[in-house]
Structures are given as C-alpha cells and as structure tokens.
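**Student:** what follows is a predicted protein model with its sequence.
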Amino acid sequence: PPPSSLHQEIATRLVAALVPVADALGMVALMEAGYFDPARPLHDYRQPDVYVARREHMTPRGLEGPAELVVEIRSPHDETYLKLDFYARHGARQLLVVEPETRAIELYVLVDGSWRVAEPGDDGVLHLVDLPVALATVDGPRLEVTTPPGTVAI
C-alpha cells in the first residue's frame, strides 16, 4: 500500500524545505524518485522518500550516482535498514532516517565505505555534511529543519 498520509506529509514538507538549499547549490531535491544502479538499472534500484543529488548524476530515469542526502521515513514493516548497503555501494554521502510518529531522527554518514552514526551536538541538533541544514526533534513532537531561508516545523 502507499505510505500513510503522515508519511507523505513529512516527505512533502521535508523536500519543500530542501529544494531552496539544493537550488542554491546547483543540485536537485526530489521526492519518491528512483535511485538506480547504473550497471543494472532495470534490476537494482531503490525509491527513497527524498534525496538531494548533484545534477550531473541525474539521468532521465533518475539518480545514477552518489546522493548528497537520502531520506527514509519509516513505515510499519518497511525495509529502511536493508537499503543501507545499496546506498553505501552507490556512494550516498549521508542518510537520514525519520520516525514519523515521534519525529525521532538518525543521521548516518558514509566514511570509507561504511556508515557511521552522527551524534547531535549538546543542543540536540544534527548538522548535515556539506549542506546548510540543521535538524532537531522538539516537543510536539516536531522535526525542526533549519536552512538559510529559515526554520520550518514538520
């Protein structure tokens, strides 16, 4: 079945916050778009909830190179953590996992081909690598996304 309305709302609001950042950097931020293995595009692909990528890695099919950021929003019985190997093999630089009900977030950063968990600062804020984006789960629960244009609560 399709993702829940909450799942879709989070993805939509998150991509809306990321589009100005991606545009300013000459990148693209997309929702529900294909991420393909260029050697086997018809047989090995994933469809993350959101990603940010450099335009030179985009083809008419979708992304066929490393992503700057991949976002997976959890669903009951999903395969989020089974996708980590695919994303690492294709050079995704970081992966954000969002738990929709609690807005809890996990940020993984690719270091030497392996995922490392990024720890928030003392203020509870996670900062993305090479993207001017800060994220924090706050009471509500809400996910606050801070970018140069400002902060949005999701």
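**Tutor:** All right, it came through fine.
**Student:** hmm, who's touching the longest helix belonging to the chain?
**Tutor:** In the chain, taking DSSP state H as the definition, the longest helix is helix 5-24. With contact meaning Cβ atoms under 8 Å, 6 or more residues apart in numbering, helix 5-24 is reached by 2-3, 28-32, 49-50, 52, 69, 71, 73, 75, 98, 100-101, 131-133, 143, 145, 147-149, 152, 154. Yep, even glycine has a C-beta here, placed from its N, CA and C like the rest.
**Student:** quick one, which of those are buried?
**Tutor:** Buried by 16 or more other Cβ atoms under 10 Å: 3, 28-31, 49-50, 52, 69, 71, 73, 75, 98, 100, 131, 133, 143, 145, 147, 154, out of these.
**Student:** centre-most residue in the chain?
**Tutor:** Nearest residue to the geometric centre of the chain (Cα atoms, centre = their mean): Val71, 2.1 Å.
**Student:** Gln47 is in contact with that one, correct?
**Tutor:** No. At 11.7 Å, Val71 does not count as touching Gln47 under the criterion of Cβ atoms under 8 Å.
**Student:** make sure Val129 is indeed in a helix.
**Tutor:** No. Assessed with DSSP: H, G, I helix; E, B strand; the rest coil, Val129 is coil; it does not lie in a helix.
**Student:** these two touch, right, it and Gln94?
**Tutor:** Yes. Assessed by Cβ under 8 Å, Val129 is found in contact with Gln94 at 5.4 Å.
**Student:** okay, and the common contacts of those two?
**Tutor:** Val109.
**Student:** so for the two, which sits in the more crowded spot?
**Tutor:** Neighbour tally, Val129 and Gln94, criterion other Cβ atoms under 10 Å: the higher count belongs to Gln94, 23 against 14.
**Student:** give me the beta-bridge partners of that one?
**Tutor:** Judged by DSSP bridges, the bridge partners of Gln94 are Val109.
**Student:** next, the contact list for it, please.
**Tutor:** Gln94 neighbours (Cβ under 8 Å, 6+ apart): Glu68, Leu69, Val70, Leu107, Tyr108, Val109, Leu110, Ala118, Leu128, Val129.
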